[in-house]
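Asker: Structure, please.
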Amino acid sequence: MSTVKFRSAPWIAGCLSIATLALASAAWADSPRDYGRNSHGYAARGQVFRGLPHEAVSVRYRGSPYYYRGGEWYRPFGSRFVVIAPPLGAIVPFLPGIYSTYWFGGVPYYYANDAYYLWRPEANGYVVTQPPSDAQPAVQGPAMAAAAEPFIYPKNGQSESQQATDRYECHRWAATQSAFDPTKAGDSAAANQTDAPRSAYYRALTACLEGRGYSVK
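Answerer: Next comes the predicted model:
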């Protein structure tokens, strides 16, 4: 009895390859880490995804579920998740890895992805807020402190939550060592007169973070 061997026709193999690429493209396009991002690297608002990005933090606000990661906000949309503007008043435990600081009336506001945050010590977190409508950002003194903020890179792959913990603890230690706290209006006013306390604060902050495995520039 002869044995008949079947071989896939070239066009079948080609179709399978096309189908595989199409499925891979669809999976790639539905990833919030790789698709639909604007020029600043954030996922575009209104974009819908099948799942949440890695390390997204659950935030309950006024009885509704939200999710936050690195300055991006998500809300359930059926079985998926849609990128939204952050709800005013919601509190998050840490700021995005990259943000800008603007001073209004001696108070620092942290800005990232078209949203402002204020530090709330009683809540041990940052509240989504709006800057004062009748105020202009400071251009001297405190603004210099904002410009001097270091860029911090986690050399050991620390998570966002770990980065937030380390930065907050190092901030408190540096403020104690230098007797200067850039997040307080009184200290920022004093910084108008001399750069010495501010410089001492950032030296202490840098030493603390480098000791915890971060590159500070």
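
Asker: how about the helices in this structure?
Answerer: 10-29, 142-147, 160-178, 185-190, 196-211 (DSSP state H).

Asker: Pull the number of nearby residues for Val59.
Answerer: The number of residues packed near Val59 is 20, by other Cβ atoms under 10 Å. (Glycine included, C-beta is placed from N, CA and C.)

Asker: Over to Pro197?
Answerer: For Pro197, the count of nearby residues is 18 (other Cβ under 10 Å).

Asker: my guess is it contacts Asp181, does it?
Answerer: No - with contact defined as Cβ atoms under 8 Å, Pro197 does not reach Asp181; the gap is 9.3 Å.

Asker: Residue ranges of each domain in this structure, please.
Answerer: Residue ranges for the domains of the chain, per automatic domain parsing: 9-86, 92-216.

Asker: Among these, which one carries the weakest average confidence?
Answerer: Of all these, the minimum mean pLDDT falls on domain 9-86 (a mean of 71).

Asker: Who's the closest spatial neighbour of Ser100, skipping the chain neighbours?
Answerer: Tyr111 (4.7 Å; Cβ to Cβ, 6 or more residues apart in numbering).

Asker: for Trp173, same thing?
Answerer: Closest residue to Trp173 apart from its sequence neighbours, by Cβ to Cβ, 6+ apart: Cys208 at 5.4 Å.

Asker: Is Tyr116 bridged to anything, and to what?
Answerer: Under DSSP bridges, the beta-bridge partners of Tyr116 are Tyr111, Thr129.

Asker: 388 is where my numbering starts, stick with that
Answerer: That works, and once the first residue is 388, the last one we named lands at Tyr503.

Asker: Go ahead and confirm it touches Tyr496.
Answerer: Yes - taking contacts as Cβ under 8 Å, Tyr503 lies within contact range of Tyr496: 4.8 Å.

Asker: Show me whatever sits in contact with both of those two.
Answerer: Counting by Cβ atoms under 8 Å, 6 or more residues apart in numbering, the residues touching both Tyr503 and Tyr496 are Tyr489, Thr516, Pro518.

Asker: related to what we said a few turns ago, quick one: residues contacting the residue nearest to Ser487.
Answerer: Tyr486, Ser487, Thr488, Tyr489, Tyr504.

Asker: re the thing from before, any idea how far the residue nearest to Trp560 lies from Pro463?
Answerer: Applying Cβ to Cβ, to the nearest Å, the value for Cys595 to Pro463 is 39 Å.

Asker: who has more neighbours, the two?
Answerer: The neighbour comparison of Cys595 against Pro463 (other Cβ under 10 Å) goes to Cys595, with 20 against 13.

Asker: dump the residue contacts of that one.
Answerer: Cys595 is in contact with Glu556, Cys557, Trp560, Ala561, counting by Cβ under 8 Å, 6+ apart.
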